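S.K.: what would the 3D arrangement of this be:
(chains A and B)
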Number of protein chains: 2
Amino acid sequence: MRAEIISVGTELLLGQIVDTNAVFLSRELANLGIDLYHRTTVGDNPERLRQALEAALGRAELVITSGGLGPTADDLTKEIVAEALGLDLILDRPSLERMEAYFRQLGRRMTENNYKQALIPVGGKALPNPHGTAPGVAVRWKERLVICLPGPPHELEPMFRTYVLPMLQQEKSGVIFSRVLKISGRGESAVAEELADLLAAQSNPTVAPLASPGEVKLRLTARADSTAAAEKLIAGLEAQIRERLGSSIFGVDDETMEEVVVRLLANRGETLAVAESCTGGLLAGRLTEVPGASAVFERGVVTYSNRSKVELLGIPEEVLTACGAVSPEVARLMAAGVKEKAGTDWGIGITGIAGPGGGTVEKPVGLVYVGLEGPEISLVKKLHFPGTRSAVRRRTVQTALDLLRLELLTKQSLSGRQK
Amino acid sequence: MRAEIISVGTELLLGQIVDTNAVFLSRELANLGIDLYHRTTVGDNPERLRQALEAALGRAELVITSGGLGPTADDLTKEIVAEALGLDLILDRPSLERMEAYFRQLGRRMTENNYKQALIPVGGKALPNPHGTAPGVAVRWKERLVICLPGPPHELEPMFRTYVLPMLQQEKSGVIFSRVLKISGRGESAVAEELADLLAAQSNPTVAPLASPGEVKLRLTARADSTAAAEKLIAGLEAQIRERLGSSIFGVDDETMEEVVVRLLANRGETLAVAESCTGGLLAGRLTEVPGASAVFERGVVTYSNRSKVELLGIPEEVLTACGAVSPEVARLMAAGVKEKAGTDWGIGITGIAGPGGGTVEKPVGLVYVGLEGPEISLVKKLHFPGTRSAVRRRTVQTALDLLRLELLTKQSLSGRQK
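M.R.: Alright, predicted model coming up:
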């Protein structure tokens, strides 16, 4: 099966936004084993969109568009698709009802121009959009499948996963199965070196490393006649990789670091409280992103001022004066203080200099101390990250979570051995 | 002048890398006032690259390619360009010498396959590459200009700035200037309706609405002979829009909501503390993303458990039992409690049900109360957001920041009137 992607939006051609949808869709198609030979971007211009669509329909069996489904007059994708396929647009009642409910819940009035979003080409299928107003559309036409998705990535991605992916999985022959191993604490090139022979020898399954901030993903992909056969191929390769990378592999597929930490804590029936300075709430924010985090997360404090460190954590003013707020001593006292006040099993304390200002020769921007207090452990880790304020903060949170994860794993294997 | 961009590389179509070159080039062309109507991506495939090139040469006067200039057998861009234009490739001695010097400096041996990188089409001009081996090429052909740039962004961007930009500045007429107005509290369709006549009448300057979670952006773009003239065109339109949307416009260009709030507080010399339950630290996290936030942000508490609400905020257990943790009473006490304990001018309290579990008929998922306590104000806002846990949390934070922003603006205009 051959596919093409058409991205629609003048803002793309003006370079105002990055076309992450095209990257997402390209990757998903690659995972499905669907060939993608062309990607085209046009503005909100009916004539050029029509030409791009006709060229794509002449070359591919699957055409996916993103963007141009909004309520305004320059949102034209569905209209042009219907025209190019010679189909009329009709009102899709369920889409209209979903849209009306969406506006009711937001407490906003639905304006006239939203109605056109509920129109779909005759014979097409509306794809519900729980994250916005514009439904997507799937239309079959002359052994071709045309799929129109909304432009905002937080609407497009779940819509693709929920509705389009199952549709495409039915179309293709054989199955492709892939599994992502998520790795922390090692860079992409170090992972690639460790796995050099596996990366060189690959054919089926394949292994592809992909770096993102604070973690490396390894995508293992196998083709086979059945899912069971593909899974078996993957399992063999995964075992080899796990033997080499060990506990650096923190999760699988979409699992996040915070989900792993919350799960490990919940399994042990243990609780956590955190005290943050330079990360300013981001660690608590990530932990509470996990549904059900309240079973293990008791509280967080963002002790940004020295006064709050004294009042909320009981850190002696003398220590702050003598050692400075960014010091291993304060990180340890923050962790111990929040653990004690909250009455939890674990406490994390973070203090550092995120920048861009505030750095000195002795304590440069990017210097961070993470304290961890647990049932049988008290440690402080000194870190030094490059990059922007935002990068320093994000890497710090990832490292703090990983530190706790590794301690929880060690405890787990120790208690396992004691049995 | 009309331009097209062709991005070459199979790794792009596999979704392995983001095409930041296309974004960079699009933005540069927009700044130059050069119209870009198509962007195409093809893999390392001679036939499809030739077709894309021929289509582009038929539609545009300027064609820029990125990628495919490397030393390996699948790097074909220059070869295909020469073929499409009917030109031979010849050795460019200065390019060869630069390449040899580059390898000497790295202490590496230059391999045979690098020689082909020094070939350029007859009549073309080599563009030196101080950051890599592959020179770029500019060729004029039948009133068209074809420019081939290397794929790595750290090679392409300086090469564009140093050699291509001056070339294009000589070709073009006029400049393009644009400005983004950021709007909160109204949806895209409501904004579009409010500005319907302006959106319908636009030619120069143009207005384009664009929705992202929790905010709407309006991009105003003008073309003129000089930047000053373009700015003047924008200013007139901006004044009209500001008159209609008023304080819904919270920022300009890249300004974030948290930057605006921190600036407004700093201007007044006032301070803030926050108490969060369902947003779990995200509000504190956004405020502390702003460099220098410590001047106005004193502390945050993430009171996830009832115990922490009692201990850290002094909320009476009876209120928690009688009204429930998610209630207007508790939101108000959270805001007042954190303001008092921290000794700040402002306090924000947030409590709600982010989901997916925990909802009831009376208190459904998405229900949130935001309390705001200030020098002369005490209010609680009831909100109800649709969407996922993550969406509810993010929208809540945006709304809480906006609530404070609007109060700070009101105070500003009141104290202005008192003068």
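S.K.: relative to chain B, how far out is A:Thr344?
M.R.: For A:Thr344, the distance to chain B equals 10 Å [CB to the nearest CB, to the nearest Å]. Using the backbone N, CA and C atoms, a C-beta is placed for each residue, glycine as well.
S.K.: stretch A:40-49: end-to-end distance?
M.R.: Start-to-end span of stretch A:40-49 (CA to CA, to the nearest Å) is 10 Å.
S.K.: quick one, strands of the stretch 151-300 of chain A?
M.R.: A:175-183, A:206-212, A:215-224, A:249-252, A:272-276, A:297-302 (DSSP state E, counting those that start in this stretch).
S.K.: quick one, which of those is nearest to B:Leu13?
M.R.: In terms of CB to CB, the element of the strands of the stretch 151-300 of chain A nearest to B:Leu13 is strand A:206-212, at 14.1 Å.
S.K.: and that closest one, anywhere near chain B?
M.R.: Yes: residues of strand A:206-212 contacting chain B under CB under 8 Å from any CB of the partner chain: A:208, A:210.
S.K.: and the stretch 301-419 of chain A, which residues reach chain B?
M.R.: When proximity is defined as CB under 8 Å from any CB, the stretch 301-419 of chain A approaches chain B at A:301-305, A:307-308, A:311-312, A:341-343, A:355-357, A:389-390, A:393.
S.K.: buried subset of those, written for PyMOL?
M.R.: Selecting only the buried entries of these in PyMOL, with 16 or more other CB atoms under 10 Å in any protein chain shown as the criterion:
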select buried, chain A and resi 301+302+303+304+305+308+311+312+341+342+355+389+393
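S.K.: rewinding a little: hey, least reliable of the strands of the stretch 151-300 of chain A by pLDDT?
M.R.: When those are ranked by mean pLDDT, strand A:206-212 comes last with a mean of 75.
S.K.: so what's A:Asp253 up against?
M.R.: A:Asp253 sits next to A:179-180 when contact means CB atoms under 8 Å, 6 or more residues apart in numbering or on different chains.
S.K.: mean confidence for stretch A:28-39?
M.R.: Mean pLDDT, computed over stretch A:28-39, is 89.
S.K.: okay, helices next: where are they in the stretch 51-200 of chain A?
M.R.: Assigned helices in the stretch 51-200 of chain A, in chain order: A:77-85, A:93-106, A:153-159, A:165-171, A:188-194, A:196-201 (criterion: DSSP state H, counting those that start in this stretch).
S.K.: who are the packing partners of the fourth one?
M.R.: Judged by 3 or more CB pairs under 8 Å, 6 or more residues apart in numbering or on different chains; DSSP states H and E, the packing partners of helix A:165-171 are helix A:20-32.
S.K.: report the angle between the helix it packs on and strand A:215-224.
M.R.: Orientation of helix A:20-32 against strand A:215-224 (axes from the mean of the first three to the mean of the last three CA atoms, to 10 degrees) gives an angle of 40 degrees.
S.K.: so which bits of helix A:20-32 are buried?
M.R.: Buried residues in helix A:20-32, counted by 16+ other CB under 10 Å: A:21-32.
S.K.: tell me the strands beside the helix or strand hosting A:Val368, with direction?
M.R.: Secondary structure assignment for A:Val368, by DSSP states H and E: strand A:367-374. Strand A:367-374 has the following sheet partners, assigned by DSSP bridges: strand A:346-352 (antiparallel), strand A:377-384 (antiparallel).
S.K.: what would those strands look like in a markdown table with distance to A:Ala56, mean pLDDT and mean neighbour count?
M.R.: A markdown table is the format used below for the strands paired with strand A:367-374 (distance: least, CB to CB, whole Å; pLDDT from 0 to 100; neighbours: other CB atoms under 10 Å in any protein chain shown):
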| stretch | distance to A:Ala56 | mean pLDDT | mean neighbour count |
| --- | --- | --- | --- |
| strand A:346-352 | 50 | 98 | 28 |
| strand A:377-384 | 49 | 95 | 14 |
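S.K.: no further questions, thank you.
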